[in-house]
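1. Prediction below, plus the sequence it came from.
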Amino acid sequence: MQHKTRQNETAPARQDLSGATQSPVSDTRPVLRFAPSPNGYLHLGHAYSALLNHRLAQEMGGRFLLRIEDIDTQRARPEYEAAVYEDLAWLGLSWEEPVMRQSERFAVYELALERLAARGLIYPCYCTRGEIAERVAQRPGWPCDPDGQPLYPGTCRNLSAEDQAQWRALGRYAARRIDMAFANTCIDGQIGWREFYDGAESRELYAESGLWGDAIVGRKDVPTSYHLAVVIDDAAQGVTDIVRGQDLFNATSLHRLLQVLLDLPEPHYHHHRLLTDDDGRKLSKSIKSMSLRQLRAEGVTPSDIKRQLGLL
C-alpha cells in the first residue's frame, strides 16, 4: 500500500524494528505465540490460550514462542515471571529460547515512535485522565472506545511548540497519541485481516480503527503502549498466526492500522472464546480468579485442566 505524508514532509528511510534473532528468513513454518503479562499469577483463561496456541502450532507443523509483556514496570514482578515459566512447564508446554521480554526493547519502540512522528502521525498529549473525564462530562453522549474509555477530545492535537514548552515547564510528561484522522488519509483502500475459525474457513474482516479515536501509542512512563509494542514484537518474532481472546477482537482494527503505517507484515488472526466464572465475569487477575498454582496445590492435574478446557 502507498502511504501519504503531510505536505513538505518525506517518509524516513525504513529502519529495522525487529531486533529479532528467533525467526530465520529461510524458515517458512507457521509461528504462534503466547504473550502473558507478569503482573499476577496465570489462571485458567491463560491456560486455555497457551494450550490452544501450542496445540495449533503442533497441528500446523509450526513453532511456538513465548513473550513476556512487561512494559508495565510498576506492576510487573520477577516472581510472577518465574511463575509463568513454572506454570507453563507444569502444563506440559515447551517453547523456543530465548524468551522475548518487552522491557528489554524500549529502544525499538522509541524508534517506531520516531518514524511515526517524522510523518506527522502522532502528537504529544499532556492531559491527565481526570482532565479528559472532566471535559467529556460536559458533553452528554460522548462516545467511548471499545475498552469503555471516553474518546480523546483532541485537546492537545494542535499545540504549538510554545504551548508544549509551557507544559514541560510545569513538570508535565507527554503521552504520544496517533492522529487518527490524518492516519486514515495515509491509507490507500480499506484495511482488513484474515480471521480463521474453529472448523470453518477463514474470512476477510475489515478494520474500524476510528473506534479508538486518537489512541495512545506511547505512554508517559514508557516509550510505547500495549498496542504499539504488540505489533512490533509480533513482527520481530515472525508471528504468522495470532491466537488470542475475543476481548482483543476490536483491538485488531488498531493493530492492523499500525502494521500498515509501520510497514509490518500482516498475520492471520483467531479470537477464541473467553472463560468466565459462575457470575459470568471474564476470568482475570483483577478479580482474583483462581490461579493455576492454587489449582495445583489443591491436587488438580494438567490432564484435569485440559479435559475441563476441552483440549484433551
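-> Arrived safely, thanks for sending.

2. hmm, who's touching stretch 204-217?
-> 113, 116, 122, 125, 143, 145-146, 151-152, 154, 157, 175-180, 183-184, 190-195, 224-225, 227-228, 250, 252-254, 256-258 (Cβ atoms under 8 Å, 6 or more residues apart in numbering). Every C-beta, even on glycine, is put in place using the N, C-alpha and C of the backbone.

3. Any of the residues you listed buried? List them.
-> When those are checked for burial by 16 or more other Cβ atoms under 10 Å, the buried set is 113, 116, 122, 125, 145, 151-152, 154, 157, 175-180, 183, 191, 193, 224-225, 227-228, 250, 252-254, 256-258.

4. quick revisit: so which of the contacts of stretch 204-217 are in strands?
-> Among the contacts of stretch 204-217, the members falling in strands (DSSP state E) are 122, 125, 175-178, 192-195.

5. for those residues, which one is nearest Tyr109?
-> Arg176 (10.3 Å; Cβ to Cβ).

6. Okay, and the beta partners of that closest one?
-> Applying DSSP bridges to Arg176 gives these bridge partners: Pro124, Gly218.

7. Quick one: mean pLDDT for stretch 180-196?
-> The average pLDDT for stretch 180-196 rounds to 93.

8. May I have it as CSV, with CA atoms only?
-> The C-alpha coordinates for stretch 180-196 follow below in CSV (Å, rounded to 0.1, in the frame of the first residue of the first chain):
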residue,chain,number,x,y,z
MET,A,180,-6.4,9.1,13.7
ALA,A,181,-8.0,11.4,11.2
PHE,A,182,-4.7,12.0,9.4
ALA,A,183,-3.6,8.4,9.7
ASN,A,184,-6.6,7.3,7.9
THR,A,185,-5.8,9.6,5.0
CYS,A,186,-2.4,7.9,4.7
ILE,A,187,-4.0,4.6,3.8
ASP,A,188,-5.0,3.7,0.2
GLY,A,189,-8.0,1.5,0.4
GLN,A,190,-9.6,-0.3,3.3
ILE,A,191,-7.6,-2.3,5.8
GLY,A,192,-8.6,-5.8,6.6
TRP,A,193,-7.4,-9.0,8.1
ARG,A,194,-7.9,-12.7,7.7
GLU,A,195,-9.8,-14.3,10.6
PHE,A,196,-9.8,-18.0,10.9
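
9. All set now, cheers.
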